[in-house]
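K.L.:
give me a 3D structure for the following:
(chains A, B and C)
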Amino acid sequence: MNAAYVTLALPLAGFLILLWLGRRLGEPAAGWLTVLLGAGAFVGAVVTWATLVGKPAEQRHITLDIFSWIPVGGLHVAFALLLDPLSITMALFVTGVGSLIFLYSIGYMHGDPQFSKFFLLLNLFLFSMLCLVLADNFLFSFLGWEGVGFCSYQLVSFWFERERPPTAGKKAFVTNRVGDFGFMIGMFLIFNHFGSLTYTNVFSGLMAGTPGALASVTATGIGLMMLLGAAGKSAQLPLYVWLPDAMEGPTPVSALIHAATMVTAGVYLMARIAPILHYAPDAQTTIAIVGAVTALFAATIACAQDDIKKVLAYSTISQLGYMFLGIGSGGYSAGLFHMVTHAFFKALLFLCAGSVIHGMHDEQDMKRMGALRRWLPITFVTFSIGWLAISGIPPFAGFWSKDDVLAAAFHKSPVLWAVGFVTAGLTAYYMTRQVALVWWGRSRWSEHADAAGDHGDGHAGDHRDGHAGDHGDGPGGGHGDPHESPWTMTTPLVVLAVLSVVGGAINLPFGRWNFLVRWLEPVLPATIAPEPHVATATKVVLGVATVVLCAVAVVVALIPWTRRADNPVLEPAVLQHGWYYDEALAALMAGPGTEAADFAAYKLDKGTIDGGVDGVAWLVRQAGGGLRKLQTGYVRNYALGLAGGLAVLLLYVAVRAGG
Amino acid sequence: MTVPGAWYLGLAAILFGIGATGLLVRRNVLIMFMCVELMLNAVNLTFITFARMLDDIGGQSSVFFVLVVAAAEVVVGLGIIVAIFRRRQGATADDLHVLKG
Amino acid sequence: MSPAGLLATVTHYPDWVVFAIAAVAILLGALGVVLSHNPVHSALYLVLTLFGVAVEFVNQQADFLAAVQVIVYAGAIVILFLFVIMLLGVDREESIAKDPLKGQRPTAIILGVVILVEVITIARFKNWATGGHSAAGALSGPGDNIVKLGQSIFTRYLFPFEITSVLLVIAVVGAVVLARRPQRVASELSGGEQKEAVDS
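P.N.:
I've put the predicted structure just below:
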């Protein structure tokens, strides 16, 4: 299975090469090298996929042992790859979308002094992500999990000279860490119960549909802990706060990591532990509820955001909520299907946003855009395709996947379906609002420029300095008209747009067209992941209702937002501030959080634990000091001691020997 | 009728007790030494008594050796006392407390 | 017992009488040693005790040892004591009234009493002598005490005998070393200058 090794090795090689020679290669060689290696990895994934397709369904899992990592006692963890339908699916779209984004980055990061470092980190990220999805055991996956977290931190804080990116990077890392705690506890529980961390060992006994020795409580515990880990990585409530702030990173990073790949790691994890979740219905319900609530919550916030990337960030959180909703409702294939389509259109949307930002000379405030369709035609067309896809308009990809998720939710509970239904409407609404503000309406940027007068500084093209205008503090546009992006940036847009159109074909609900469901069947058999069965008639009714709602939402959004950019009624402060969730967290951390930390640090650590250790020493000293008093130096006292000992001995003899 | 051994042993015990108490109470070094001699004599008396009660010559041999060793001990002990107290007039055992902990 | 009975006891039981008188001497001497202010008096009381012990020895058919006791103990050891007493000038009286070490005196007296009581207790409830008879040779029987003692020492206890001989030599050497004054520092400088000996 050499192709899989190639897939994993190429990004690693890229990382190492750029580590040593990055500065020498410089721009744009470092970028092209990365694109080539990424494409090579994709080819490797395709070849592996083809090999798996060539095998009969039961044999579609291959384990490749690279080397034994931890052989300690009962724990045997290896650097080994498990090639089965689920991991290959993930690998395919990770490498595919990743390569496109690498290509895009060459154009986007043009002129940045740290060009090679960016691609170095992209290579490392791809390698870590592949480790995560191709691993054959929890610990190796966790290694990749941490690796992508680290790369996310590095890439979000890429422009570290500025004030906000490092803070955002730290926030991302720390919040992820809270989730990682859950992942680790889950791993401990799994090892404790199953005695192994390898997927095949853990799951093989459960695939038949009988729980065996797995108690429902243990399964629920594992499920909830893993959910905590996934919530951190995939930005669900309550650990979503890092994702909007992570938009401080360059847009390709937002597209790759925070839309298409890293955030889907949580979804992948949930799908992986499906055999365990099957025996933990409470955990499944929790997953579904978390997903649904997150989806609605984030969608409401997205309706009031001004920054073009923040809207997409909240949209990502919301769509991830959909995926969790699907998985929690038992529709694993539905959730994974939505993951794949979402990767296509969300990456597309982010890259388009980056194109707009690039074309608008680093302006990100939508209120200062408008009527850009004449200036950035390719971006306009591709963005619109992404918009239609995410809004769930047939026959674009998003419609099919969202419908599958909603059907699964309906099977689980009509309430959950209702939440998802409303969220779908909101999604269509805020995306349409964004389209209206950016592409239609009046060209507010030119009005702004005229009002502000000429600007003599040449900010154009220099992202590093120019990003002072990111959040609208600088004068923004007005350094010339907006321009379309170079071919390195528009090509990926076109490819992703095509995928957003036809992507739905991988799992159409008509007869034998449900390729994805059947492809994933060996990993998610009906014994542990029964398809949530909804009657076809019901499905059609639900689907039509959703489409109608979305169409209405589109119209409702177009009317006010094409006319005016300011509609305070539709943008209440509470939504703009994200329901004050961040503020609440800060207050919690500053108040009780600090108190708890102080308590733990001073009372517990210094007082009790250090005190205990020091106390032992103190005790010994006191005892020594006390005993020291026996050494008076006077011979007669010592003689007294001798006499006392003699008295005791004689007493013993008298008691034992006498009577 | 001979005196039963128990009486001698009792006498030796009392002698030993007096010697021990004297050792603990007196401060003059030489008198402390003499109390040690009292205790040794008590022991000798005990040995002789047991030799008689058990009809064993070994008891008397033990006394022989105790006498020899006591003599040697006195020699060395007095030598030490002379060495330590040569210069000090009226020194007592309490003046040697340099090893106080 | 009536005086007549007591007299009868005396004539019928000479051993008891000797025992009693010697016991009184021993105890008087011991108390004198302990309670005397003057060390010289203590030494003399010690002699009294030693004589008493020698008499008890004779009473128990340990003739040779009684003689040795008098010669060695009373004759040599007490003389040594007296030499040192005179040499060091410790004939000054020490104050017995108060003990500078706290709690020493009461504890000592209590312990002394306790030890005594315990020994007596052991004596009352137990057979004193439980060893095997004549383990090292018979005491009674024909032959002189000294002959039997000599035979025992030079055959059965030969090794301890030799060791104690060595011990005596060591003790003598040690005493000589201990009691010697520090060496005079003799000057060996060229020119024949002689420094005064430093008398420490």
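
K.L.:
residue A:501: neighbour count?
P.N.:
When neighbours are counted by other CB atoms under 10 Å in any protein chain shown, residue A:501 registers 17. Quick note: C-beta positions are derived from backbone N, CA and C, even for glycine.

K.L.:
count of neighbours near residue A:540?
P.N.:
If you count neighbours by other CB under 10 Å, residue A:540 ends up with 13.

K.L.:
same check on the one 5 residues further on?
P.N.:
By the measure other CB under 10 Å, the count of residues near residue A:545 is 13.

K.L.:
now do the same for it: helix, strand or coil?
P.N.:
What DSSP: H, G, I helix; E, B strand; the rest coil gives for residue A:545 is helix.

K.L.:
so does the helix of greatest length in chain B get close to chain C?
P.N.:
Across chain B, the longest stretch assigned as helix under DSSP state H is helix B:58-85. Yes. Contact of helix B:58-85 with chain C (CB under 8 Å from any CB of the partner chain) involves B:58-61, B:63-65, B:67-76, B:78-83, B:85.

K.L.:
look up how far chain C lies from residue A:547.
P.N.:
102 Å (CB to the nearest CB, to the nearest Å).

K.L.:
quick revisit: among the residues of helix B:58-85 next to chain C, name the buried ones.
P.N.:
The neighbour count (16 or more other CB atoms under 10 Å in any protein chain shown) marks B:58-61, B:63-65, B:67-76, B:78-79, B:81-82, B:85 as buried among the residues of helix B:58-85 next to chain C.

K.L.:
what segments of chain C are helices?
P.N.:
C:3-12, C:14-35, C:39-59, C:63-68, C:78-88, C:104-125, C:145-151, C:158-179.

K.L.:
residue contacts, residue A:549?
P.N.:
Shown in contact with residue A:549 (CB atoms under 8 Å, 6 or more residues apart in numbering or on different chains): A:421, A:424-425, A:428.

K.L.:
show me where the stretch 1-150 of chain A has its helices.
P.N.:
A:2-53, A:85-108, A:115-134, A:138-156 (DSSP state H, counting those that start in this stretch).

K.L.:
got the CA coordinates for the third one in CSV?
P.N.:
Coordinates of each C-alpha in helix A:115-134 appear next as CSV, following Å, rounded to 0.1, in the frame of the first residue of the first chain:
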residue,chain,number,x,y,z
PHE,A,115,6.0,33.7,3.0
SER,A,116,8.0,30.5,3.5
LYS,A,117,7.0,30.2,7.1
PHE,A,118,3.4,30.2,6.1
PHE,A,119,3.8,27.3,3.8
LEU,A,120,6.0,25.5,6.3
LEU,A,121,3.1,25.6,8.7
LEU,A,122,0.6,24.5,6.0
ASN,A,123,2.7,21.5,5.3
LEU,A,124,2.9,20.6,9.0
PHE,A,125,-0.8,21.1,9.3
LEU,A,126,-1.6,18.8,6.4
PHE,A,127,0.7,16.1,7.9
SER,A,128,-1.0,16.4,11.3
MET,A,129,-4.4,16.3,9.8
LEU,A,130,-3.6,13.2,7.9
CYS,A,131,-2.1,11.6,11.0
LEU,A,132,-5.4,12.3,12.7
VAL,A,133,-7.6,10.8,10.1
LEU,A,134,-5.5,7.9,8.9
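
K.L.:
quick one: buried residues of it?
P.N.:
Neighbour-count burial for helix A:115-134 [16+ other CB under 10 Å]: A:115-134.

K.L.:
ditto for stretch A:373-392
P.N.:
Within stretch A:373-392, the residues that count as buried by 16+ other CB under 10 Å are A:373, A:375-376, A:378-380, A:382-383, A:385-392.

K.L.:
pLDDT score for the one residue sitting closest to the centre of chain C?
P.N.:
Centroid check for chain C by CA atoms, centre = their mean gives residue C:73 as the closest residue, at 6.2 Å. pLDDT for residue C:73: 90.

K.L.:
just checking, it touches residue C:52?
P.N.:
No. Residue C:73 is beyond contact range of residue C:52, at 11.6 Å (criterion: CB atoms under 8 Å).

K.L.:
pLDDT wise, what is residue A:100 at?
P.N.:
92.

K.L.:
meant to ask about residue A:326
P.N.:
91.

K.L.:
repeat for residue A:130
P.N.:
93.

K.L.:
ok, it touching residue A:144?
P.N.:
Yes. Counting by CB under 8 Å, residue A:130 touches residue A:144, with 7.2 Å between them.

K.L.:
okay, which residue is most central for chain A?
P.N.:
For chain A, residue A:263 is the residue whose C-alpha lies nearest the centre (CA atoms, centre = their mean; 2.0 Å).

K.L.:
who are the neighbours in contact with the closest residue to that one other than its chain neighbours?
P.N.:
Leaving aside its sequence neighbours, residue A:263 sits nearest to residue A:234 (CB to CB, 6 or more residues apart in numbering or on different chains; 4.9 Å). For residue A:234, the contact set (CB under 8 Å, 6+ apart) comprises A:263-267, A:320, A:323-324.

K.L.:
can you rerun that using 10 Å?
P.N.:
Contact partners of residue A:234, counting by CB atoms under 10 Å, 6 or more residues apart in numbering or on different chains, are A:179, A:227, A:240, A:243, A:262-270, A:291, A:294, A:316-317, A:320-321, A:323-324, A:339.

K.L.:
repeat that for residue A:178.
P.N.:
Here residue A:178 is in contact with A:228-229, A:231-232, A:238-239, A:242 (criterion: CB under 10 Å, 6+ apart).

K.L.:
give me the pLDDT for whatever residue of chain B ends up closest to chain C.
P.N.:
Closest contact between chain B and chain C, by CB to the nearest CB, is at residue B:58 (3.0 Å). As predicted, residue B:58 sits at a pLDDT of 88.

K.L.:
ok, residue A:105 next?
P.N.:
pLDDT at residue A:105 comes out at 91.

K.L.:
quick one: neighbours of the residue lying closest to it once chain neighbours are set aside, just the number.
P.N.:
Once flanking residues are discounted, residue A:105 sits nearest to residue A:252: 4.3 Å by CB to CB, 6+ apart. The number of residues packed near residue A:252 is 27, by other CB under 10 Å.

K.L.:
wait, doesn't residue A:252 sit right on residue A:261?
P.N.:
No. Contact criterion CB atoms under 10 Å: residue A:252 and residue A:261 do not qualify, at 11.8 Å.

K.L.:
any residues in contact with both of these two?
P.N.:
Contacts common to residue A:252 and residue A:261, judged by CB under 10 Å, 6+ apart, are A:101, A:347.

K.L.:
quickly find the element holding the closest residue to chain C within the stretch 201-350 of chain A.
P.N.:
Minimum separation of the stretch 201-350 of chain A from chain C (CB to the nearest CB) falls at residue A:221, amounting to 65.5 Å. Under the criterion of DSSP states H and E, residue A:221 resides in helix A:216-233.

K.L.:
now that helix: average pLDDT?
P.N.:
Helix A:216-233 comes out at a mean pLDDT of 89.

K.L.:
can you name the next helix or strand after that helix?
P.N.:
Next along the chain from helix A:216-233, counting by DSSP H and E, comes helix A:242-245.

K.L.:
by contact count, what packs against that next one?
P.N.:
Packing partners of helix A:242-245 (3 or more CB pairs under 10 Å, 6 or more residues apart in numbering or on different chains; DSSP states H and E): helix A:138-156, helix A:164-194, helix A:281-302, helix A:308-328.
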